[in-house]
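Engineer: I'll drop the sequence and a predicted model, then ask my questions.
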Amino acid sequence: MKLDLDFSALMAAVSRIGRPLKGLTLTTSTSREQATQDRVPKPPAVPPGGEVFAPEKMREVQSRDGLLEFRGQQILLYMPGHPQNRFEQAIQYPSSGNKVHVAWCKHLEEMKRSGFFKRYIGIQDQGGEFRIHSRQQPNHEVKVPLKVCKFCLTKINYKGFSRPGNAAAHTHFSFEEFFQHYESFFPSHPAPEPLSHVEKGYSQDWPDISRQYRQSQRYTCQECDVELERYPQLLHVHHINRQRDDNRWQNLRALCADCHSKQPGHDHMVVSHEDRQLIAHLRQQQSCANTHSWKEVLDLADPGLNGLIPQLQSLRAPIPEVGVDIQAPDNNIVANLELAWSGTRVGVAISEEDLEHARQNGWKVFGIEECLESPQQLLGLLSGTGQSRRSQSNSRSPFGDFDDDIPF
Ligand SMILES: [Zn+2]
Ligand SMILES: [Zn+2]
Ligand SMILES: [Zn+2]
């Protein structure tokens with residue numbers, strides 16, 4: 001895929017971490033000014049609830065690691081038209097309305113095969129309310145909090161959804177959080193609106209307080225222990241009670257951008273894949289990326305791996321390292337793998353460039369979708385037998401067949 005990108009941020013990152021350009025991911029987008037605090041919510045690229053594209057452009061919708069991509073951006077698909085009776089039902093009981101698709105699930109594939117794909121529209125709105133209408137009265141639209149499609153969550157194993165006991169991935173699903181989790185997979189994001197720190201709700205003297213507090217913590221993340229003195233813009237100061245003007249020190253915590261974005265209620269925070277990889281690289285260098293449990297893997301990994309990590313756990317894979325640098329024979333770092341098993345030189349990457357460069361250096365590297373769909377190959381390499389330990393967790397198929405976007 002060819003991308004029209006501003007490479008200035010990329011080049012800056014190259015010089016910061018001293019690795020050649022070819023080893024860096026191209027999945028990052030805009031040059032960011034890296035505000036040191038919570039970013040403002042991303043404005044949607046289209047008006048809330050608005051249609052991103054006309055149905056005839058549906059053929060441009062692509063899969064990016066199983067997710068839905070339109071012109072480089074992540075989108076949702078749903079069918080606004082309902083039969084009259086289901087339209088009335090959906091207004092009262094949104095869960096009986098059509099489902100919102102967030103991935104290339106088997107239902108979407110079936111609908112495409114059957115020629116029904118043009119009934120869908122694509123949107124980026126993350127607010128969770130969707131305009132629907134009765135097919136008899138297309139002009140009478142009502143906004144309804146439609147539910148996310150379970151096939152989609154199964155397809156990408158969102159938050160381990162395929163495993164028994166993880167129904168909360170569906171019942172507590174947030175579209176905003178979903179988009180945040182997969183930011184590393186998409187090359188471009190709508191640019192945040194530039195707001196001053198006072199407009200964002202911080203006190204006038206916040207820049208000074210924030211700097212003093214970070215100094216007092218020796219520029220170290222209080223969650224993962226990574227030290228960021230050379231990259232102070234990647235160390236944020238978090239308000240524990242989420243009151244942005246409550247600057248008592250007991251209410252503050254210094255958190256790296258990655259840990260900060262994973263705090264509850266921070267679904268709006270934009271952290272680029274490039275920044276997450278830089279933090280991962282520094283954690284490795286500083287030996288604070290040791291993983292002894294799957295929970296630690298999940299805490300340290302890119303949020304886009306929220307489906308793969310529980311799957312690997314359920315398949316009893318060995319616990320991987322997170323954010324491992326791959327060096328060429330000349331010692332230059334050419335790639336950073338999201339997950340790696342160094343002993344067997346096996347890894348998982350998000351960006352195609354990382355994947356390719358690690359492969360060129362003798363690693364066996366897998367993409368996320370590849371792993372989710374057929375983990376046997378990866379597991380075979382890890383067990384050294386070429387065989388896999390079989391999973392029982394991927395046999396969830398309670399939903400049956402259907403010809404409309406029928407609720408389940
Ligand atoms: Zn779906
Ligand atoms: Zn951290
Ligand atoms: Zn915060």
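Structural biologist: On my side now, so go ahead. Ligands and ions are numbered 1, 2, ... in the order given.
Engineer: Can you give me the distance of the nearest residue to Asn166 once chain neighbours are set aside to Phe179?
Structural biologist: Once flanking residues are discounted, Asn166 sits nearest to Gly160: 4.5 Å by Cβ to Cβ, 6 or more residues apart in numbering. To be clear about C-beta, it is placed using only N, CA and C from the backbone, and glycine gets the same treatment. Distance of Gly160 to Phe179, given as Cβ to Cβ, to the nearest Å: 19 Å.
Engineer: could you say what helices and strands the biggest helix by length in the chain packs with?
Structural biologist: Ranked by residue count under DSSP state H, the longest helix found in the chain is helix 273-285. Applying 3 or more Cβ pairs under 8 Å, 6 or more residues apart in numbering; DSSP states H and E, one finds that helix 273-285 makes contact with helix 8-17, helix 257-261, strand 321-327, strand 333-341.
Engineer: list the buried ones in whichever helix or strand comes after that helix?
Structural biologist: Scanning forward in sequence from helix 273-285 by DSSP states H and E, the next helix or strand is helix 294-300. For helix 294-300, burial by neighbour count (16 or more other Cβ atoms under 10 Å) applies to 294, 297-298, 300.
Engineer: hmm, stretch 297-309 in reach of ligand 2?
Structural biologist: No. Stretch 297-309 is not in contact with ligand 2 by Cβ under 5 Å from the ion; minimum separation 8.4 Å.
Engineer: okay, how far is it across that stretch, tip to tip?
Structural biologist: 8 Å (Cα to Cα, to the nearest Å).
Engineer: just how off-centre is it within its chain?
Structural biologist: 9 Å (Cα atoms, centre = their mean, to the nearest Å).
Engineer: Name the residues that touch it?
Structural biologist: 65, 156-161, 180-185, 223-224, 258-259, 261-262, 273, 276, 280, 283, 289, 291, 294, 310, 319-320, 322-323, 338-339, 348, 350, 368, 371-372 (Cβ atoms under 8 Å, 6 or more residues apart in numbering).
Engineer: that older thread, return the member of the buried residues of helix 294-300 nearest to ligand 2.
Structural biologist: Leu300 (8.4 Å; Cβ to the ion).
Engineer: Around ligand 2, pick out the residues from the stretch 201-350 of the chain.
Structural biologist: Residues of the stretch 201-350 of the chain lying near ligand 2 (Cβ under 5 Å from the ion): 221, 223-224, 256, 259.
Engineer: Any regions of the stretch 1-150 of the chain where pLDDT drops low?
Structural biologist: For the stretch 1-150 of the chain, applying pLDDT under 70 flags the ranges 1-56.
Engineer: those helices in it, which residues are they?
Structural biologist: With DSSP state H, counting those that start in this stretch, the ranges of helices along the stretch 1-150 of the chain come out as 8-17, 84-92, 106-113, 150-155.
Engineer: what's the third one packed up against?
Structural biologist: Read that as helix 106-113. Secondary-structure packing of helix 106-113 (3+ Cβ pairs under 8 Å, 6+ apart): helix 150-155.
Engineer: The helix it packs on packs against which elements?
Structural biologist: Judged by 3+ Cβ pairs under 8 Å, 6+ apart, the packing partners of helix 150-155 are helix 106-113, helix 168-171.
Engineer: Show me which residues of the stretch 151-300 of the chain are close to ligand 1?
Structural biologist: Residues of the stretch 151-300 of the chain lying close to ligand 1 by Cβ under 5 Å from the ion are 151-152.
Engineer: what separates the residue of the stretch 151-300 of the chain found nearest ligand 1 from Glu141, distance-wise?
Structural biologist: Closest residue of the stretch 151-300 of the chain to ligand 1, Cβ to the ion: Cys152 (3.5 Å). For Cys152, the distance to Glu141 equals 24 Å [Cβ to Cβ].
Engineer: Same check on Glu369?
Structural biologist: For Glu369, the distance to Glu141 (Cβ to Cβ) stands at 34 Å.
Engineer: Comparing these two, which residue is more hemmed in?
Structural biologist: Glu369 (20 against 14; other Cβ atoms under 10 Å).
Engineer: Now do the same contact list for that one.
Structural biologist: Contacts of Glu369 by Cβ under 8 Å, 6+ apart are 63, 65-66.
Engineer: Tell me the confidence at it?
Structural biologist: The per-residue pLDDT reported for Glu369 equals 89.
Engineer: Is it in a helix, a strand, or coil?
Structural biologist: State at Glu369, reduced to three classes by DSSP: H, G, I helix; E, B strand; the rest coil: helix.
Engineer: which one of the helices and strands packed on helix 150-155 has the most crowded surroundings?
Structural biologist: Here the criterion is mean neighbour count by mean count of other Cβ atoms under 10 Å, and of the helices and strands packed on helix 150-155 the winner is helix 106-113, at a mean of 17.
Engineer: how far out from the middle of the chain is it?
Structural biologist: With Cα atoms, centre = their mean, you get 24 Å for helix 106-113.
Engineer: Also stretch 299-310?
Structural biologist: Worked out by Cα atoms, centre = their mean, stretch 299-310 lies 9 Å from the chain centre.
Engineer: again with stretch 173-181
Structural biologist: Put simply, stretch 173-181 sits 8 Å off its chain's centre (Cα atoms, centre = their mean).
Engineer: in that stretch, what's buried?
Structural biologist: The neighbour-count check on stretch 173-181 (16+ other Cβ under 10 Å) flags 173, 175, 177-181 as buried.
Engineer: could you pull out the strands for the protein?
Structural biologist: 62-64, 67-70, 73-74, 76-78, 81-82, 121-123, 130-134, 137-144, 235-239, 252-256, 321-327, 333-341, 346-348, 364-366 (DSSP state E).
Engineer: which residues sit against the first one?
Structural biologist: Put plainly, it is strand 62-64. By Cβ under 8 Å, 6+ apart, strand 62-64 touches 68-70, 74, 104, 185-186, 369.
Engineer: List the buried residues for that strand?
Structural biologist: For strand 62-64, a neighbour-count test (16+ other Cβ under 10 Å) marks Arg64 as buried.
Engineer: and that strand, does that touch ligand 1?
Structural biologist: No. Strand 62-64 lies out of reach of ligand 1 by Cβ under 5 Å from the ion, never closer than 12.1 Å.
Engineer: Within its sheet, name the partner strands of that strand and how each one runs.
Structural biologist: Each strand paired with strand 62-64, and its direction, by DSSP bridges: strand 67-70 (antiparallel).
Engineer: what distance separates the partner strand from the centre of its chain?
Structural biologist: 12 Å.
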